[in-house]
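Trainee: got a structure for you, letters missing:
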């Protein structure tokens, strides 16, 4: 294992020989160390514990950020490590743990900005690790394994659960969600899937199950459920349980702002029930088509920059959780530590009862593509879109598309009109065209402002005007591709007219590389875009290179500067599908 080999010190437990459920060759024991790391930090930083005489002043400092739900377990594990004077290469380990929402850390690492003040990150799900990888300038991270798991289900106050036949009656995700969202009799809440792994994993499972049952109609059904669910979402997991009604309070139970059911993890239900009392505890449904799981990956941050002492100290902690003490600590907080059947005690405390299919193996985790599509669906279903569309009108757009007998411009227009039909009247879309010799010294011209498609003037809607503008697009005789100046101007306009609460983006279609010798350089454009981009008010560029003459690398570099994506299509008929895919990808990068 090179520099990540485990320190050969007293008290080092043997690594668990079982492979991870996902097939990775990293031992579970290797992953479990971080839990220990977290706990020691809290005790030391809080002044509750001090180093013994055998440690002196040469302790190795390890800084950890962790998901709030697992942080208490990390801190208790570190306390135990302190009591046992756990050492790495003869040095005690001084661990400091900070609780931070996983989506915040993922966004920070994806952007690759600032100096990280932590060595290890324990998010609640590997999907956040995947999200980091979507960034063009992401910080290097190295997942080492998983410290625990917790399946996702639907918890309900007892009266609501009884109304659905709990525990004897079982449901799959679509039917359970449909029952909970039918009318106002049973109010279902969830955390925002853009900020919650629990919410996103459940929504991905819901979409996959609905599609499997209903084919293309399943997409419509899943989108409708997402729309209904969006009216009762909280910003984060930490706020979700605060929305729960209390069964013993008639006023709270009947309050339409209070939820009677929540999409949450088994561990969250366990923690709630431990302090809520029997009357206000949750009963837990485990959908019979499989429960996605939180998996708590132990992740080194910029391990290539760590000192050998720090790296080995982190790995030394991992061995602690291959023994009974470490597993006991995790189980005490409601986490699963065995990929096999969970203990009846844990499930019962979380609100589960036979014959709920809680012993079934978890379903395979969703792929990167599924997660992106799910977040994209959530983005454009829950938020309306504001898209500024910029279309290449250079002379080269007259060229015929092989095998179609139509020019690039004609096929592009048809594809744009098809895409337009997929947006609602609440969406805002505008149109620019660009080419050299187009408008005096400028390479671009606004044809329709970015407005709500349903806006009406007399008997004509903005959708009507935009359709006519798409249809009227024509290549400019002698015009070349003035890409750089146009992109900068259009991005400035999109940023200055940013609409809060909507999905904002700039869509650029071009069939060639920049051909304006008097424009700014590519490097200058990228630098300017990076300065203009604001993560708090994101406007990603979706750049589509059309045809064999277009420069895919160029559009990818330009788009990446804003957190967007670049694509290439050989046939303009593919534009419609690529725009939708790009919106999904851009939506998945937000939050």
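Mentor: Perfect, I can see it now. All values reported here derive from a predicted model rather than from experimental measurement.
Trainee: Show the low-confidence segments of the stretch 251-400 of the chain, by residue range.
Mentor: Residue ranges of the stretch 251-400 of the chain with pLDDT under 70: 251-256, 339, 360-363.
Trainee: cutoff 90 now
Mentor: The stretch 251-400 of the chain contains residues with pLDDT under 90 at 251-258, 276-280, 289-290, 303-305, 313-327, 338-343, 355-385.
Trainee: Break down it into its strands, ranges please.
Mentor: Here the stretch 251-400 of the chain has its strands, by DSSP state E, counting those that start in this stretch, at 261-265, 283-285, 293-294, 297-301, 385-392.
Trainee: In JSON lines, list the ones you listed along with mean neighbour count and distance to residue 561.
Mentor: Every residue, glycine included, has its C-beta placed from N, CA and C. Below are these laid out as JSON lines (neighbours: other Cβ atoms under 10 Å; distance: least, Cβ to Cβ, whole Å):
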{"stretch": "strand 261-265", "mean neighbour count": "29", "distance to residue 561": "36"}
{"stretch": "strand 283-285", "mean neighbour count": "28", "distance to residue 561": "45"}
{"stretch": "strand 293-294", "mean neighbour count": "27", "distance to residue 561": "33"}
{"stretch": "strand 297-301", "mean neighbour count": "24", "distance to residue 561": "24"}
{"stretch": "strand 385-392", "mean neighbour count": "25", "distance to residue 561": "16"}
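Trainee: Now for the chain: which helix has the highest residue count?
Mentor: When the chain is parsed with DSSP state H, its longest helix is helix 197-214.
Trainee: List the buried residues for that helix?
Mentor: Neighbour counts over helix 197-214 (16 or more other Cβ atoms under 10 Å) mark 197-211 as buried.
Trainee: Likewise for stretch 77-91?
Mentor: For stretch 77-91, burial by neighbour count (16+ other Cβ under 10 Å) applies to 77-82, 86-88, 91.
Trainee: and it, how far from the chain's centre?
Mentor: Centre-to-centre, stretch 77-91 and its host chain are 35 Å apart (Cα atoms, centre = their mean, to the nearest Å).
Trainee: Looking at it now, give me its mean pLDDT.
Mentor: Across stretch 77-91, pLDDT averages out at 83.
Trainee: Same check on stretch 103-118?
Mentor: For stretch 103-118, mean pLDDT rounds to 84.
Trainee: Go ahead and name everything in contact with that stretch.
Mentor: Stretch 103-118 has contacts (Cβ atoms under 8 Å, 6 or more residues apart in numbering) with 63-65, 98, 121, 123, 128-129, 131-132, 134-135, 137-139, 141, 194-196, 236, 301-302, 535, 589, 591.
Trainee: List the ones among the residues you listed that fall in strands.
Mentor: Judged by DSSP state E, the subset of the contacts of stretch 103-118 located in strands is 63-65, 98, 121, 141, 301.
Trainee: which of the contacts of stretch 103-118 are buried?
Mentor: Buried by 16+ other Cβ under 10 Å: 63-65, 98, 121, 123, 128-129, 131-132, 134-135, 138-139, 141, 194-196, 236, 301, 589, 591, out of those.
Trainee: What are the buried residues along stretch 547-563?
Mentor: If you call a residue buried by 16+ other Cβ under 10 Å, then stretch 547-563 has these buried ones: 547, 550-551, 554-563.
Trainee: same thing with stretch 364-376?
Mentor: So for stretch 364-376, counting by 16+ other Cβ under 10 Å, buried means 365-366, 371-376.
Trainee: Can you give the distance of that stretch from its chain's centre?
Mentor: Its chain's average C-alpha position is 9 Å from that of stretch 364-376, according to Cα atoms, centre = their mean.
Trainee: How about stretch 452-469?
Mentor: In this view, stretch 452-469 has its centroid 35 Å away from the chain centroid, taken as Cα atoms, centre = their mean.
Trainee: Contacts for that stretch next, please.
Mentor: So stretch 452-469 is contacted by 417, 420, 423-431, 447-448, 451 (Cβ under 8 Å, 6+ apart).
Trainee: And that stretch, what's buried?
Mentor: The neighbour-count check on stretch 452-469 (16+ other Cβ under 10 Å) flags 452-453, 461-463, 465-467, 469 as buried.
Trainee: Repeat that for stretch 150-169.
Mentor: For stretch 150-169, by 16+ other Cβ under 10 Å, it's 150-158, 160-161, 164, 166-167.
Trainee: First-to-last residue distance for it?
Mentor: End-to-end distance for stretch 150-169: 22 Å, by Cα to Cα, to the nearest Å.
Trainee: And the pLDDT for the closest residue to residue 228 other than its chain neighbours?
Mentor: Nearest residue to residue 228, sequence neighbours excluded (Cβ to Cβ, 6 or more residues apart in numbering): residue 181, at 4.6 Å. In this model, residue 181 is scored at 70, pLDDT.
Trainee: For residue 181, give me its contacts.
Mentor: Counted by Cβ under 8 Å, 6+ apart, residue 181 has contacts 188, 225, 228-229.
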